[in-house]
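Novice: When you get a sec, could you give me coordinates for this:
(2 chains)
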2 protein chains.
Amino acid sequence: MFTGLSAFPLTPVTGRGIDEKAFTGLVERLAAAQVDSITVLGSTGSYAYLDRAERARTARLAVEHAGGTPVIVGIGALRTRDVLELAEDAQDAGASGVLLAPMTYQQLTSDEVFGLYADVTAELSVPLVVYDNPGTTHFTFTDDLYARIAELPNVASVKIPGVPRATSEAEGRLARLRSLLPATMTIGVSGDPLAATGLNAGCDAWYSVVGGTLPGPALTITRAALAGESASAVAESERLQPLWELFTRHGSLRVVSAIAELLDLVGHPNLPRPLNGLADEDRAAVAETIERLGLR
Amino acid sequence: MFTGLSAFPLTPVTGRGIDEKAFTGLVERLAAAQVDSITVLGSTGSYAYLDRAERARTARLAVEHAGGTPVIVGIGALRTRDVLELAEDAQDAGASGVLLAPMTYQQLTSDEVFGLYADVTAELSVPLVVYDNPGTTHFTFTDDLYARIAELPNVASVKIPGVPRATSEAEGRLARLRSLLPATMTIGVSGDPLAATGLNAGCDAWYSVVGGTLPGPALTITRAALAGESASAVAESERLQPLWELFTRHGSLRVVSAIAELLDLVGHPNLPRPLNGLADEDRAAVAETIERLGLR
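Specialist: Okay, here's the model as predicted:
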């Protein structure tokens, strides 16, 4: 389950709460595209902004509309007590796995983050993906900490924040990670612009922002890379370069939010305040890019 | 109200929830010491880790036990909707003011942070302190943003993250801030090790971590500085240098948590998991320091 393309859909939010119709539409679109798994309530799914009831409801809707595609549910929160409750809710909703990032307000030590994973994995009955996302959590994992957490029960995969740009360095990074982690544990790349590089270097999975809104091109890259057709994977990624530039400039969340609007998959606004969508001129640039690249 | 010493108490948390007896004891201790205001549910009060009901209860207890000392209540949350609810709860509890930091998960733009303050101040009936704490929020205010927010209704004070170490630079920074902000707005320093410098340079208030647990020395510094006895303020701050070094090494929250334990003001553990208290050897160093400095 923790291999191939895991697609991270938005959780569209309006002034009245979660737009359930739009959300289930996104989930059904991903299932129809035959992504390998759907990770709801990731960073792209705005988990950090939603309350417990909203998150339980979102998890349940995702499982109901995924048509059998495995659903992984983000359970991150600042407080361990809340993470444990969210894990219970995710399991009750029928999640096939959970995803946990060490959110921070006060800076955490490695021992504190290890303690969080120890407390949570001890209570789980589904596998867990370690979510290393320093851009949002402001916590940096060390390789030692990866290795310690990997020995805990139910730890099945790690979502790494990216790989070096140069192929040989990316391969070296993967070799280093393989030497640290149990053979049963999968390694998934994130950071969409370097996903092809990561998959070609040996990552088992791509935990993908763009795949949650545009599963087609993300599947093209993933299928090619995992079939050993590395040049095809790179070519498709290079074709998407204008999109990656927008991600870098505005953050991937705001860009996929705009894309989903432009494709009539979600309404406007769809991000939880205080987050705003893109300004009009930036939305126009997104519109021009998806038109030019034929993305839909 | 937004002048002098504002003391930030811990909100002690056990496995069973908030330790209300210990919390009200801390509040009564601050009132008895005659601090100028008590800010509950600041970063030191672990606001980011508590749920809405816990925060409403904490605010209510603080007002009940403050004996007329003004109580300011932290209302920060990741989502604007939640901030608005927390503001309502704080006002219902009898808060004299509220404190708002722009918490982040996704990085926020200046326009988004301005929008947050605009949305919240429009609904307030008590004054607000702008809480600039980049170490925990990972958001950096610009001077332009300060000036824009200062024009909103109900904005009464700003808690700045610190001042330059050199006196003349600190005075220059204060002069610059005064030129940007309305004359009615007060400026409060935070970052305890440089509080004396900040007060001597012209800050109206000290939003103080140490003052929430050890009001005595914090009042000595504040009273001296505000009476123009700048050398006395500096001398007391320099006497506390071993304490400031512990703050720098471990973070102020973990150190005041250990001090409060050592003084029998709170039990152990008292921080919300995944936060741990200090390791035994570090606690021993804290114990030795408070003994040596005669802090109680």
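Novice: Which residues of the stretch 51-200 of chain A lie near chain B?
Specialist: Counting by CB under 8 Å from any CB of the partner chain, the stretch 51-200 of chain A comes close to chain B at A:51, A:78-82, A:102-103, A:105-109, A:111-113, A:115-116, A:119, A:135-136, A:138. Where you see a C-beta, it was placed from the backbone N, CA and C, and this is true even at glycine.
Novice: May I have the longest strand anywhere in chain A as CSV, with CA atoms only?
Specialist: Criterion DSSP state E: the longest strand present in chain A is strand A:155-160. Output of strand A:155-160 as CSV, limited to C-alpha atoms (Å, rounded to 0.1, in the frame of the first residue of the first chain):
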residue,chain,number,x,y,z
VAL,A,155,6.0,2.0,11.3
ALA,A,156,5.6,1.1,7.6
SER,A,157,7.0,4.0,5.6
VAL,A,158,8.7,7.4,5.7
LYS,A,159,7.8,10.4,3.7
ILE,A,160,11.1,12.2,3.2
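Novice: who does that strand touch, helix- and strand-wise?
Specialist: strand A:97-100, strand A:128-131, helix A:143-150, strand A:186-189 (3 or more CB pairs under 8 Å, 6 or more residues apart in numbering or on different chains; DSSP states H and E).
Novice: can you pull the contacts of residue A:220?
Specialist: Neighbour list for residue A:220: A:232, A:233, A:236 [criterion: CB atoms under 8 Å, 6 or more residues apart in numbering or on different chains].
Novice: Could you confirm it falls within a strand?
Specialist: No: remark: residue A:220 does not belong to a strand; assigned using DSSP: H, G, I helix; E, B strand; the rest coil, it is helix.
Novice: What's the per-residue pLDDT of it here?
Specialist: With respect to pLDDT, residue A:220 scores 98.
Novice: do you know how far it is from residue A:195?
Specialist: 11 Å (CB to CB, to the nearest Å).
Novice: Stretch A:281-290 close to chain B?
Specialist: No: taking CB under 8 Å from any CB as the criterion, stretch A:281-290 and chain B are apart, separated by no less than 11.1 Å.
Novice: What is the distance between that stretch and the centre of its chain?
Specialist: 23 Å (CA atoms, centre = their mean, to the nearest Å).
Novice: Can I get it in PDB, CA atoms only?
Specialist: The C-alpha atoms that make up stretch A:281-290 are tabulated as PDB, following Å, rounded to 0.1, in the frame of the first residue of the first chain:
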ATOM      1  CA  GLU A 281      -2.600  38.200 -11.300                       C
ATOM      2  CA  ASP A 282      -1.000  35.000  -9.800                       C
ATOM      3  CA  ARG A 283      -4.200  33.000 -10.600                       C
ATOM      4  CA  ALA A 284      -4.000  34.300 -14.100                       C
ATOM      5  CA  ALA A 285      -0.500  32.900 -14.400                       C
ATOM      6  CA  VAL A 286      -1.700  29.500 -13.000                       C
ATOM      7  CA  ALA A 287      -4.500  29.500 -15.600                       C
ATOM      8  CA  GLU A 288      -2.200  30.200 -18.400                       C
ATOM      9  CA  THR A 289       0.200  27.500 -17.300                       C
ATOM     10  CA  ILE A 290      -2.400  24.700 -17.000                       C
END
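Novice: So for that stretch, what gets flagged as buried?
Specialist: Across stretch A:281-290, burial judged by 16 or more other CB atoms under 10 Å in any protein chain shown covers A:282, A:283, A:285, A:286, A:289, A:290.
Novice: Closest one of those to chain B?
Specialist: Nearest to chain B among those is residue A:282, at 11.1 Å by CB to the nearest CB.
Novice: Would you enumerate the residues in contact with residue A:17?
Specialist: Here residue A:17 is in contact with residue A:54 (criterion: CB under 8 Å, 6+ apart).
Novice: Report the separation between it and residue A:11.
Specialist: For residue A:17, the distance to residue A:11 - CB to CB - is 10 Å.
Novice: With residue A:169 instead?
Specialist: 35 Å.
Novice: Neighbour count for these two, which is higher?
Specialist: residue A:11 (29 against 13; other CB atoms under 10 Å in any protein chain shown).
Novice: surely that one meets residue A:45?
Specialist: Yes: contact status for residue A:11 versus residue A:45: in contact at 4.4 Å, counting by CB atoms under 8 Å.
Novice: Quickly list what's touching both of those two.
Specialist: Joint contacts of residue A:11 and residue A:45 (CB under 8 Å, 6+ apart) are residue A:58.
Novice: hang on, the earlier thing: among the contacts of residue A:220, name the buried ones.
Specialist: A:232, A:233, A:236.
Novice: Among those, which one lies nearest to residue A:185?
Specialist: The shortest approach to residue A:185 among the buried ones among the contacts of residue A:220 belongs to residue A:233, at 22.8 Å (CB to CB).
Novice: Which helix or which strand is home to the closest one?
Specialist: helix A:230-239 (DSSP states H and E).
Novice: tell me which of the buried ones among the contacts of residue A:220 is nearest to residue A:95?
Specialist: residue A:233 (29.2 Å).
Novice: Residue A:217 is in contact with the closest one, correct?
Specialist: No: contact between residue A:233 and residue A:217 fails when scored by CB under 8 Å: they sit 10.8 Å apart.
Novice: For the stretch 151-296 of chain A, which segments count as helices?
Specialist: Using DSSP state H, counting those that start in this stretch, the helices of the stretch 151-296 of chain A run over A:167-180, A:195-200, A:215-226, A:230-239, A:241-250, A:252-262, A:280-293.
Novice: okay, the ones you listed, which one's buried deepest?
Specialist: Neighbour counts (mean count of other CB atoms under 10 Å in any protein chain shown) averaged over each of the helices of the stretch 151-296 of chain A peak at helix A:195-200, with a mean of 27.
Novice: Packing partners of that one?
Specialist: If you count contacts as 3+ CB pairs under 8 Å, 6+ apart, helix A:195-200 packs onto helix A:167-180, strand A:186-189, strand A:205-208, helix A:215-226, helix A:230-239.
Novice: Send me that helix as PDB with only the CA atoms.
Specialist: C-alpha atoms of helix A:195-200 as PDB (Å, rounded to 0.1, in the frame of the first residue of the first chain):
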ATOM      1  CA  ALA A 195       9.800  13.400  -7.300                       C
ATOM      2  CA  ALA A 196      11.000  11.900 -10.600                       C
ATOM      3  CA  THR A 197      14.600  12.100  -9.400                       C
ATOM      4  CA  GLY A 198      13.600  10.500  -6.100                       C
ATOM      5  CA  LEU A 199      11.600   7.700  -7.800                       C
ATOM      6  CA  ASN A 200      14.400   7.000 -10.300                       C
END
